[in-house]
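**Q** test case, fold it:
(one chain, ligands or ions: 2)
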Amino acid sequence: MDTTIDNAKFKLERDEIVAIPTETVYGLAGNAFSEKAVKKIFDLKKRPLFNPLIVHIGSIEDLDKVARDIPEKAIILARSFWPGPLTLILKKQDRIPSIVTSGKDTVAVRIPNHKKTLELLRSLPFPLAAPSANPFGSISPTTSEHVRGYFGEQLGGILEGGPCERGIESTIVGFDSLGQPVIYRYGSLSAEEIEQVTGPLRFLTHEEEQPTAPGMLLKHYSPKTKSFLTDNITETLTSLEGKRVGLLLFKDRVLDRPDMEQEILSPTGDMGEAARNLYAAMHRLDQKELDIIVFEQFPQHGLGVTINDKLKRAAQD
Ligand code: TXA
Ligand code: MG
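**A** Ligands and ions are numbered 1, 2, ... in the order given. Purely as a prediction, here's the structure:
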């Protein structure tokens, strides 16, 4: 099942689907110029066709092949953060089949920062469309084992790249009619980091979200186990007596509850480390046949904003 860069290239050239490592999460990749390959991605993921995919390129010189009329601020952002966990929503080139963009005239693009995947992308004559390598609605994969567990032998191969360095999806930035950047999805590049380059940013409003970002569904990245987000663990636990409870905690163990399954995301209180461990810890708790998983809310700054956004969507009924 593990594949080499050469073999992945061979499969992708034949419209097969290969799982690729990135710094954020693993992706399910296919030739972005091939309708046939992209259709396979949607089928494998059981993803609704109205939810568009991200196109991955190997270098900034390839941007013109997929996008046009690129705002100046997009170029500045690309130069600042690529390769890296930033996806830009830009006007699409006709060459991108409409199945990739769900019929929109925009395309989501990024250069991922992973040595193997960059080498693969740079060896291919086409970009790779790749959503996260999880079935629609379930927890995103940050290791090749997660991908294997979800898709087994259905793939043309898995390019082993180790655990993902960032552990949370890319941050998505679009542009309004004046060419000003707008955050479409919180991700592993914090809003503060982007704002250092662009100045103050706004988040897409709910009204704008409807027509432009159908992928930002309220419920997302969910464990199968019922989950609950709280800013007061002690109070929440008193209402859960007698239940098998799992805890997903930022830095501190709940000392008087040794009976409970507890995942500590970063004992030193480092949000980058917490982000890196988040999905793997969710996967582990989800396999313990618990009645409920309680998520602890993070401080609402930096990556904490992204983590809280993911926790909120995961806990949505
Ligand atoms: O880190 C990541 O971004 C990972 C790795 C594999 O690159 N990919 C990923 O893809 O998270 P996916 O498919 O799970 O999420 C893509 C998001 C969806 O929410 C989708 O709605 C949004 O990108 N999107 C794609 N094209 C768009 C467009 N033209 N306009 C607005 N949103 C778009
Ligand atoms: Mg996803």
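
**Q** and E153, which of the three is it?
**A** When classified by DSSP: H, G, I helix; E, B strand; the rest coil, E153 comes out as helix.

**Q** can you get me a residue count around it?
**A** E153: 6 surrounding residues under other Cβ atoms under 10 Å. (Each C-beta comes from the backbone N, C-alpha and C, glycine too.)

**Q** and for the one 5 residues further on?
**A** Other residues within reach of I158 by the criterion other Cβ under 10 Å amount to 23.

**Q** what's the closest non-adjacent residue to it?
**A** With Cβ to Cβ, 6 or more residues apart in numbering as the criterion, I158 has its nearest non-adjacent residue at 4.2 Å, and that residue is A19.

**Q** SS state for I172?
**A** Three-state call for I172 (three-state DSSP): strand.

**Q** so what's it up against?
**A** Contacts for I172 were tallied using Cβ atoms under 8 Å, 6 or more residues apart in numbering; they are 87-89, 108, 183-185, 187, 213.

**Q** bridge partners for it, pull those for me.
**A** Beta-bridge partners recorded for I172 (DSSP bridges): T87, R185.

**Q** relative to P52, how far out is it?
**A** As judged by Cβ to Cβ, to the nearest Å, I172 and P52 stand 11 Å apart.

**Q** and for V66?
**A** Noted for V66: a distance of 13 Å to P52, by Cβ to Cβ.

**Q** least trustworthy helix or strand in this protein by mean pLDDT?
**A** Using mean pLDDT, DSSP states H and E, the weakest-scoring helix or strand in the chain turns out to be helix 206-212, at a mean of 61.

**Q** coming back round to it: anything in contact with each of I172 and P52?
**A** Common contacts of I172 and P52, defined by Cβ under 8 Å, 6+ apart, comprise A108.

**Q** max-length helix in this structure?
**A** The residue-count maximum for a helix in the chain (DSSP state H) belongs to helix 271-286.

**Q** flag every buried residue along it.
**A** If you call a residue buried by 16 or more other Cβ atoms under 10 Å, then helix 271-286 has these buried ones: 271-283, 285-286.

**Q** I'd say L120 and T22 touch.
**A** No: with contact defined as Cβ atoms under 8 Å, L120 does not reach T22; the gap is 10.9 Å.

**Q** give me the more crowded residue out of those two.
**A** More neighbours surround T22 than the other of L120 and T22, with 29 against 24 (other Cβ under 10 Å).

**Q** how many neighbours does the closest residue to the more buried one other than its chain neighbours have?
**A** Leaving aside its chain neighbours, T22 sits nearest to P112 (3.9 Å; criterion: Cβ to Cβ, 6+ apart). Neighbours of P112 under the rule other Cβ under 10 Å: 25.

**Q** per-residue pLDDT, P112?
**A** Looking at P112, its pLDDT reads 98.

**Q** give the contact list for it.
**A** Shown in contact with P112 (Cβ under 8 Å, 6+ apart): 20, 22-24, 27, 56, 83, 118, 121.

**Q** only the buried subset of those, as a PyMOL command please.
**A** Here is the PyMOL command that selects the buried residues among those (16+ other Cβ under 10 Å):
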select buried, resi 20+22+23+24+27+56+83+118+121
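
**Q** next SSE after the longest helix of the chain?
**A** Using DSSP states H and E, the helix or strand that directly follows helix 271-286 along the chain is strand 292-296.

**Q** parallel or antiparallel, list what pairs with that next one.
**A** Neighbouring strands of strand 292-296 in its sheet, by DSSP bridges, are strand 227-230 (parallel), strand 245-249 (parallel).

**Q** can you list contacts of the helix or strand following that strand?
**A** Following strand 292-296 in sequence order, the next helix or strand is helix 303-314 (DSSP H and E). Helix 303-314 is touched from outside by 139, 168, 171, 186-188, 190-191, 217-223, 227, 229, 248, 271-272, 274-275, 278, 282, 295, 297-298, 300, with contacts defined as Cβ under 8 Å, 6+ apart.
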